[in-house]
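**Student:** got a sequence here, can you build the structure:
(2 chains)
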Amino acid sequence: MTDVKKTRVAGRTLLWAALVVASTAQLIVPVSMILGREATLREGKAFHFETAPVDPVDVLRGRYVRLAYAQTQVPSATGLDLERGETMYVSIQVDEDGMAQMVEASARRPESDYLKLQYRGSSSAGEESVYVRLPFDRFYMDERKAPSADIAMARLRRQEATDPSYAVVRVRDGRAVLEDVIVGGQPIVEAAEAVLEEAESEQLE
Amino acid sequence: MQHARWLHGQLPNLVEEGLLTPQLAEQLLQRFPVATEEGRSARLVTLVIGVLGSALIGSGIILLLAHNWDDLSRAARTVIALTPLCLAQVAACWALWRRASRAWCEGVAVFWVFALGAALALIEQTYHFGGPPDGLLLRWLLLGLPIVYLLRSATAACLACWGIAIWTMMSFDIGHGWKSDMPLLLVLLLVPFLFLLRRDGGRRVASRCVSWALVLPTFLAFVSPLRLLPDPVGALAAAFVFAGFLAIDRTADAEQQRVLARPWWVAARLGTVGFLLALSFDEALPLMKAFSELEWMDALRGLGPVFLLFAVLVRPLWKRRRELGFEWAWLAVPLAFVTVTFLGEAVGEEGYQLLMNLLLLALGIGGILLSFRSHSLLQLNFGLGVVTLLAIVRFFDSGIDFSVRGVAFILVGCLFFGLNAALVRRRRALS
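**Tutor:** All right, here's what the predicted structure looks like:
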């Protein structure tokens, strides 16, 4: 085989090797994302975070309801000294109403249940506390049902219902996966379907 | 392809010198054909149709997946998410195995890019990933960049450039700047592809398209220290980046005169003028003060990549300095900008603004004068454009009498017509 041919063959071999590596990486990354979250959903502990959804659209991922959480600040542990974007550990406990409360933000992993979040800065309040933004702030839904979910939520607020709406979140080793959103005692998808059916029957009448 | 063209050019001489017989020359012509203009146009049309078709199919897949199928289980959605991606990878293997045409490779590459994005998007949708989509976009970019090189796809490269620009703008944190050097890394990963395209002489159109697409992400990548103006480090970075763009233009195909073939020249000129103009307003005056309070060691650290780029690009041009002439003025703009800013501290705010305006005027007039040496209508009209823009902008914020402004505008308009006519006459006389 001539030198030119040898170079060409080596080039082709390298190209095929690169194709295999790139294709494998493109499959491994999504699969590892799935496996990590499936493990959290299967083995994680469920917490209820009180919320109030709003309904926008994500161009790439579709229609969703945005979840705003009541608790946006957490007391910080003494001597917490982090840069913006660094990891902080926020310990969580369940209160007497069964809702999850974030108790303390610290630079070290606590013994109890915790969330791994990004440090976003100290709050301007008098006592030492930090801002938190919970990562499970989107619940993706069928584009026909998402607006109805918003209507269901608005009704709940107007009726001053005793059952608050909340997000069911599975937590494992600091990682959180949003499992469901409960509105008026039922899953948000069912609440939205009920609103849709009501609207359709009103139209027929 | 460029070798075949060279051979076609040499064969008549070789036959004339008796080194080759006409029959042998004919056989060589047939053995190494060169694409005719018609053939090239037909291939371009096929390529564009292939790319559009793949883009539409890919976009349709994403829209279908964005529909949110509540009734499907997570397992079913995972299979649906990964199936187009696997099909695209098989198609890529086929394209490489069969050494498919450029149209097929581009089409497969575009389909592969969209299938990858759709897979990642559906998984994030299924597991309710929170936050803005910049994380998704970054994963898409990093996993999708190899597609550009594997299929040598200019379309995939352009998509990657736009993706980098969008991701960079999305990840900008107002008040804090960019969180990492990722924009710079992403751009550096794409730059070798541009060199590959230029080496393959038959892909000039592809090379130009990728160059145009690469301008914005390159600018964003190098001004990463920019936070909120007035920020002296960001302003310095911008000045050096625009000068660096001019140097890129000069090291590339500098003989081309058509604007479409010179994206770096266009970006350098427009960017420099816009940048200096912005700094001539009252709102930019705090920048002058910020320079005196600058921590220069921190600034040098932040500007390191920019200085390196500038030094690497300008060094080979130093040997051609006589040939470049007035272009050196544009390359020296960063230095002029720093000088004006420091002088401004000494002469006060009005003096600083006057100096900025004089700098812009000098660039405009210099361009006009240079155009008569190079006989370039583009240079002439660009210079006139700078002068006109300066006049218009100052029209709105100066206290000069309306009649004076009116006369000034008439004069500039007459200059436009007069100088263009003079240059056209000179070019006709020379040709």
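**Student:** please count neighbours and contacts with C-alpha atoms only from this point.
**Tutor:** Will do.
**Student:** so where is chain A shaky, pLDDT-wise?
**Tutor:** By pLDDT under 70, the low-scoring segments of chain A are A:1, A:52-62, A:124-127, A:156-163, A:204-205.
**Student:** Three-state assignment for the residue positioned nearest the centre of it, please.
**Tutor:** Closest to where the C-alpha atoms of chain A average out (Cα atoms, centre = their mean) is A:F136, at 1.9 Å. Using DSSP: H, G, I helix; E, B strand; the rest coil, the structure places A:F136 in coil.
**Student:** nearest spatial neighbour of it, chain-adjacent residues omitted?
**Tutor:** Spatial nearest neighbour of A:F136, chain neighbours left out: B:G130 (4.7 Å); criterion: Cα to Cα, 6 or more residues apart in numbering or on different chains.
**Student:** shouldn't the one you found be in contact with A:R133?
**Tutor:** No: the pair B:G130 / A:R133 is not scored as a contact, 10.2 Å apart, by Cα atoms under 8 Å.
**Student:** who's more crowded, those two?
**Tutor:** The neighbour comparison of B:G130 against A:R133 (other Cα atoms under 10 Å in any protein chain shown) goes to B:G130, with 20 against 16.
**Student:** could you pull up the residues touching that one?
**Tutor:** Under the criterion of Cα atoms under 8 Å, 6 or more residues apart in numbering or on different chains, the neighbours of B:G130 are A:135-138.
**Student:** how much space between B:L411 and chain A?
**Tutor:** Here B:L411 is placed at a distance of 51 Å from chain A (Cα to the nearest Cα, to the nearest Å).
**Student:** that's a strand at A:P110, yeah?
**Tutor:** No: under three-state DSSP, A:P110 sits outside any strand and is assigned coil.
**Student:** dihedrals phi and psi, it?
**Tutor:** When read as degrees, to the nearest 10, the backbone of A:P110 gives phi -80, psi 170.
**Student:** I figured it hits A:A77, correct?
**Tutor:** No: in this structure, A:P110 is not within contact of A:A77 by Cα under 8 Å, at 11.0 Å.
**Student:** and the strand or helix carrying B:A213, what does it pack onto?
**Tutor:** Using DSSP states H and E, B:A213 sits within helix B:204-222. On a contact count with 3 or more Cα pairs under 8 Å, 6 or more residues apart in numbering or on different chains; DSSP states H and E, helix B:204-222 meets helix B:154-170, helix B:182-199, helix B:232-251, helix B:263-278.
**Student:** longest helix in chain A, by number of residues?
**Tutor:** For chain A, the helix with the greatest residue count under DSSP state H is helix A:3-43.
**Student:** got the angle between the next helix or strand after that helix and helix A:3-43?
**Tutor:** Using DSSP H and E, the helix or strand that follows helix A:3-43 in sequence is strand A:45-54. With axes from the mean of the first three to the mean of the last three Cα atoms, to 10 degrees applied, the angle from strand A:45-54 to helix A:3-43 works out at 100 degrees.
**Student:** any part of strand A:45-54 near chain B?
**Tutor:** No: judged by Cα under 8 Å from any Cα of the partner chain, strand A:45-54 stays clear of chain B, getting no closer than 13.3 Å.
**Student:** each with direction, which strands does that strand pair with?
**Tutor:** With DSSP bridges as the test, strand A:45-54 is paired with strand A:62-69 (antiparallel), strand A:166-172 (antiparallel).
**Student:** figure out which of the helices and strands packed on helix B:204-222 is closest to chain A.
**Tutor:** helix B:154-170 (12.8 Å; Cα to the nearest Cα).
**Student:** list the helices and strands the closest one packs on?
**Tutor:** Helix B:154-170 packs on helix B:102-126, helix B:134-150, helix B:182-199, helix B:204-222, going by 3+ Cα pairs under 8 Å, 6+ apart.
**Student:** before we move on, back to that, hey, C-alpha coordinates of the helix holding B:A213 in CSV?
**Tutor:** Output in CSV follows, covering the C-alpha atoms of helix B:204-222 (Å, rounded to 0.1, in the frame of the first residue of the first chain):
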residue,chain,number,x,y,z
ARG,B,204,-16.0,29.2,-0.9
VAL,B,205,-19.8,29.8,-0.5
ALA,B,206,-19.8,27.5,2.6
SER,B,207,-16.7,29.2,4.0
ARG,B,208,-18.3,32.7,3.7
CYS,B,209,-21.6,31.6,5.3
VAL,B,210,-19.7,30.1,8.2
SER,B,211,-17.5,33.2,8.5
TRP,B,212,-20.6,35.4,8.6
ALA,B,213,-22.3,33.2,11.2
LEU,B,214,-19.1,33.1,13.4
VAL,B,215,-18.8,36.9,13.7
LEU,B,216,-21.3,37.5,16.5
PRO,B,217,-20.4,34.5,18.7
THR,B,218,-16.7,35.4,18.4
PHE,B,219,-17.5,39.0,19.5
LEU,B,220,-19.6,37.8,22.4
ALA,B,221,-16.9,35.2,23.4
PHE,B,222,-14.1,37.8,23.7
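**Student:** and it, average pLDDT?
**Tutor:** For helix B:204-222, the mean per-residue pLDDT is 87.
**Student:** next, the angle helix B:182-199 makes with it.
**Tutor:** Going by the same axes, to 10 degrees, helix B:204-222 makes 160 degrees with helix B:182-199.
**Student:** quick one: buried residues of helix B:204-222?
**Tutor:** Buried residues in helix B:204-222, counted by 16 or more other Cα atoms under 10 Å in any protein chain shown: B:206-222.
**Student:** hmm, the residue nearest to the centre of chain A is touching B:H128, no?
**Tutor:** Yes: using Cα under 8 Å, A:F136 is in contact with B:H128, at 7.1 Å.
**Student:** any common contacting residues for these two?
**Tutor:** Counting by Cα under 8 Å, 6+ apart, the residues touching both A:F136 and B:H128 are A:177-178.
**Student:** so which elements touch the longest helix along chain B?
**Tutor:** With secondary structure taken from DSSP H, chain B has its longest helix at helix B:333-374. Where contact means 3+ Cα pairs under 8 Å, 6+ apart, helix B:333-374 is packed against helix B:232-251, helix B:263-278, helix B:285-292, helix B:377-397.
**Student:** apply 7 Å and report the result again.
**Tutor:** Helices and strands touching helix B:333-374, by 3 or more Cα pairs under 7 Å, 6 or more residues apart in numbering or on different chains; DSSP states H and E, are helix B:232-251, helix B:285-292, helix B:377-397.
**Student:** now do that helix against helix B:232-251: the angle between them, please.
**Tutor:** Using the same axes, to 10 degrees: helix B:333-374 against helix B:232-251 is 30 degrees.
**Student:** so for helix B:333-374, mean pLDDT?
**Tutor:** Rounded mean pLDDT across helix B:333-374 is 80.
**Student:** and if you look at stretch B:420-431?
**Tutor:** The pLDDT scores in stretch B:420-431 average 78.
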